[in-house]
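using only what follows, build the 3D model:
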Amino acid sequence: MRSEKKQESEDIEELAPEDIFECKMCGECCRGFGGTYVNSEDIERIAEYLGVGREEFLRKYCQKSGSGIVLAQKEDGYCVFFKENCTIHPVKPRMCKAWPFIQAVVKDMANWKAMANSCRGIRTDFPDEAIVECVRKVIEERGE
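A predicted model of the protein is given here:
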């Protein structure tokens, strides 16, 4: 006889990432949300793409946020690299590549719902548990 918990997990609807998110290319994820954190690899990759040195990149395009570094934002709240679309799309930061399949959703489903308030591509019309499980699988497949 199966345990009740195992039965519940087997009853969770299997969702594919495209079931719960389809990018609408609206750019809303490039605005607000406290900035886009960049790591050393992001910094090196973007700086090389722009043809500038690391220090110049940091000075011109980044700012400190707590103990981390984020891409600067323009006065309108958009990322400094957003002009109708992402101007660094081929080398965009890992945080941007991951959107909206991020660890914060696995920790608290309320984060998915909050992100959906400003992202037309995020669907919330599936059971919370199924969405969290789908996000968790995507993160695992990325090796995080």
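
identify each buried residue in stretch 14-21, please.
15, 20-21 (16 or more other C-beta atoms under 10 Å). To be clear about C-beta, it is placed using only N, CA and C from the backbone, and glycine gets the same treatment.

just give me the closest of these to residue 133.
Of all those, residue 133 sits closest to residue 15, with 7.4 Å by C-beta to C-beta.

JSON lines for the buried residues of stretch 14-21, including secondary structure and distance to residue 116?
Formatted as JSON lines, the buried residues of stretch 14-21 follow (DSSP: H, G, I helix; E, B strand; the rest coil; distance: C-beta to C-beta, whole Å):
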{"residue": "15", "secondary structure": "coil", "distance to residue 116": "15"}
{"residue": "20", "secondary structure": "helix", "distance to residue 116": "10"}
{"residue": "21", "secondary structure": "strand", "distance to residue 116": "9"}
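
and those residues as TSV, adding distance to residue 77 and pLDDT?
Supplementary listing: these in TSV, determined by distance: C-beta to C-beta, whole Å; pLDDT from 0 to 100:
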residue	distance to residue 77	pLDDT
15	31	95
20	26	97
21	22	97
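
for the chain, which segments count as helices?
4-11, 17-20, 40-50, 54-61, 94-98, 103-107, 110-116, 128-142 (DSSP state H).
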